[in-house]
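Enquirer: Predicted structure and sequence below. I'll ask about it afterward.
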Amino acid sequence: MVRDSGSPRVDAESDFMRARRHQVLSGLAARLRNDADDVIQSMSFDDVVDALGRKAEHYAGTKVIPLDAIVGSVDKARDFDRRFRPTSAVSRQRWERLSRASRTGEEIPPIDVYQVGDYYFVRDGHHRVSVARSLKLDVIEANVTAIETFLAPVGIGARADLELKYWRRLMLQRVPFTGEARAAVAVDNPFDYGVIAETVEAWAARAMHAEGAYMDKATMAARWYAEEFQPVVAMIEDAGVRGKDERPAEAYLRVACERYRLIREHEWNADVMKSVTSKGKRKR
């Protein structure tokens, strides 16, 4: 419940001090838990869109949006934490002025936000969001511009997630997997996506040289998945050499690298698999 002393000025001052105190204590607790900074910092809109790939945008109108869905900022990510508590007292007077206005019932204009999936990023109105959260409100009125991205905007809660999305996007732009293949070719190490892209392109180069015919990107992705990835993963499964928590694509990369290291060959057959697996499955 929001405290009300009867004096909007005093209450606004208390609101700010409480928000700052909670932000400081939250930061200290996060460091004691050894949490990464990006878990408590407001997310950067540019970082998210750069990772997911920006395709288009359109104005979606004025809406009432949940405050809990506002996770970041366009240009003030360091001025507020993930719950939009101020990280310094630099703009205290402005913050308290808005708090007084909200407490006395003055009309507060809508904020401006970008929408990326279910997430919102503030363009204008950071202090209004901060005050609204301090006053325990659940929603806020906003002018919304929706952003369409190359990758689905899900699972982007931390900077490590964005790095993984960034490298996956680059891989999919080089090798445009679709449908089942797009879901199956996934790894947990972001840099493995670059290895996958180079592996597919090298496979396509050898195939085009052997066949004497050009192969576009879509054909390259579909054929590699059907003619290389699926049969090899099936052999790996039959040989029982995929680790318990190892993704199929990770197992493919590990075994393919081991194959080339041992026998300098690009072909797959029972003898090759036997030669590779006889060396024992090693953890990546």
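Expert: Everything's here; your move.

Enquirer: Any stretches of the stretch 1-150 of the chain with poor pLDDT?
Expert: In the predicted model of the stretch 1-150 of the chain, residues 1-6, 30, 34-40 satisfy pLDDT under 70.

Enquirer: Quick one: the strands in it, in order.
Expert: Secondary structure of the stretch 1-150 of the chain (DSSP state E, counting those that start in this stretch): strands located at 43-44, 54-66, 70-73, 111-116, 119-124, 139-149.

Enquirer: same for the third one, what does it pack against?
Expert: Right, the one you point to is strand 70-73. Secondary-structure packing of strand 70-73 (3 or more C-beta pairs under 8 Å, 6 or more residues apart in numbering; DSSP states H and E): strand 43-44, helix 45-52, strand 119-124. For the C-beta atoms, the positions are set from N, CA and C on the backbone; glycine is no exception.

Enquirer: Each with direction, which strands does it pair with?
Expert: strand 43-44 (parallel), strand 119-124 (parallel) (DSSP bridges).

Enquirer: Could you provide the strands of the stretch 1-150 of the chain in a markdown table, with additional columns for mean neighbour count and distance to residue 201?
Expert: As requested, the strands of the stretch 1-150 of the chain are exported to a markdown table (neighbours: other C-beta atoms under 10 Å; distance: least, C-beta to C-beta, whole Å):
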| stretch | mean neighbour count | distance to residue 201 |
| --- | --- | --- |
| strand 43-44 | 21 | 32 |
| strand 54-66 | 12 | 24 |
| strand 70-73 | 24 | 35 |
| strand 111-116 | 22 | 30 |
| strand 119-124 | 22 | 33 |
| strand 139-149 | 18 | 24 |
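
Enquirer: right, so of the ones you listed, which gets closest to residue 85?
Expert: Among those, strand 70-73 comes nearest to residue 85, with 12.6 Å by C-beta to C-beta.

Enquirer: ok, residues contacting that closest one?
Expert: 42-45, 48, 79-80, 82, 84, 113, 119-122, 126, 129, 140 (C-beta atoms under 8 Å, 6 or more residues apart in numbering).

Enquirer: Output stretch 14-21 as CSV - backbone C-alpha positions only.
Expert: Only the C-alpha atoms of stretch 14-21 are listed here, as CSV (Å, rounded to 0.1, in the frame of the first residue of the first chain):
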residue,chain,number,x,y,z
SER,A,14,9.8,9.6,0.7
ASP,A,15,8.8,7.8,-2.6
PHE,A,16,12.1,8.7,-4.1
MET,A,17,14.2,7.8,-1.1
ARG,A,18,12.4,4.5,-0.9
ALA,A,19,13.0,3.7,-4.6
ARG,A,20,16.7,4.5,-4.3
ARG,A,21,17.1,2.5,-1.1
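
Enquirer: Can you point out the buried residues in that stretch?
Expert: 14-16, 19-20 (16 or more other C-beta atoms under 10 Å).
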